[in-house]
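Asker: After the sequence you'll find the predicted model.
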Amino acid sequence: MSAKPEHYDVIRKPVITEKATMASEAGAVVFEVAIGATKPQVKEAIEALFGVKVKAVNTTITKGKRKRFRGIRGVRKDVKKAYVTLEEGNTIDVTTGL
């Protein structure tokens, strides 16, 4: 399978946090994805880019915080995260990067 450019539009970057590390011990990997990406699109992109079998995809949308930028009120962008559960025997090493 070859990776189409659209796959790189769906998946932005891996999320490396304490919670994401705990999820990886349970066989899940966390990615920041495009805000309009659907679960089937995320599944297809992960399988094409990394060559693994995906069991399930769960998504969350974190609303952007209200912050002050140089004294002017603004809002950070909303972020969509995908918790990708892999089939048994499949692994993704997110430290190597895309």
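Answerer: Good, I have the coordinates.

Asker: any chance you could read off phi and psi for E47?
Answerer: phi -70, psi -40 (degrees, to the nearest 10).

Asker: And for it, the neighbour number?
Answerer: Counted with other CB atoms under 10 Å, the burial measure for E47 works out to 17 neighbours. (Each C-beta comes from the backbone N, C-alpha and C, glycine too.)

Asker: which residues does the residue lying closest to it once chain neighbours are set aside contact?
Answerer: Once flanking residues are discounted, E47 sits nearest to V54: 5.7 Å by CB to CB, 6 or more residues apart in numbering. Counting by CB atoms under 8 Å, 6 or more residues apart in numbering, V54 makes contact with 43, 46-47, 84-87.

Asker: I'd like the distance between V54 and A37.
Answerer: Here the criterion is CB to CB, to the nearest Å. By it, V54 lies 14 Å from A37.

Asker: Then G89?
Answerer: Counting by CB to CB, the gap from G89 to A37 is 26 Å.

Asker: what is the residue nearest to E47 paired to in the beta sheet?
Answerer: Applying DSSP bridges to V54 gives these bridge partners: L86.

Asker: quick one: it from K43, how far?
Answerer: Separation of V54 from K43 (CB to CB): 5 Å.

Asker: okay, and the common contacts of the two?
Answerer: V84.

Asker: Okay, and the beta partners of the residue nearest the centre of the chain?
Answerer: Most central in the chain under CA atoms, centre = their mean is F31, positioned 1.7 Å from the mean C-alpha point. According to DSSP bridges, the partner residues bridging F31 are P14, A82.

Asker: Quick check: the gap between it and G71.
Answerer: Taking CB to CB as the criterion, F31 is separated from G71 by 35 Å.

Asker: Skipping adjacent residues, who's closest to E6 in space?
Answerer: Closest residue in space to E6, ignoring its immediate chain neighbours: A45 at 7.7 Å, by CB to CB, 6+ apart.
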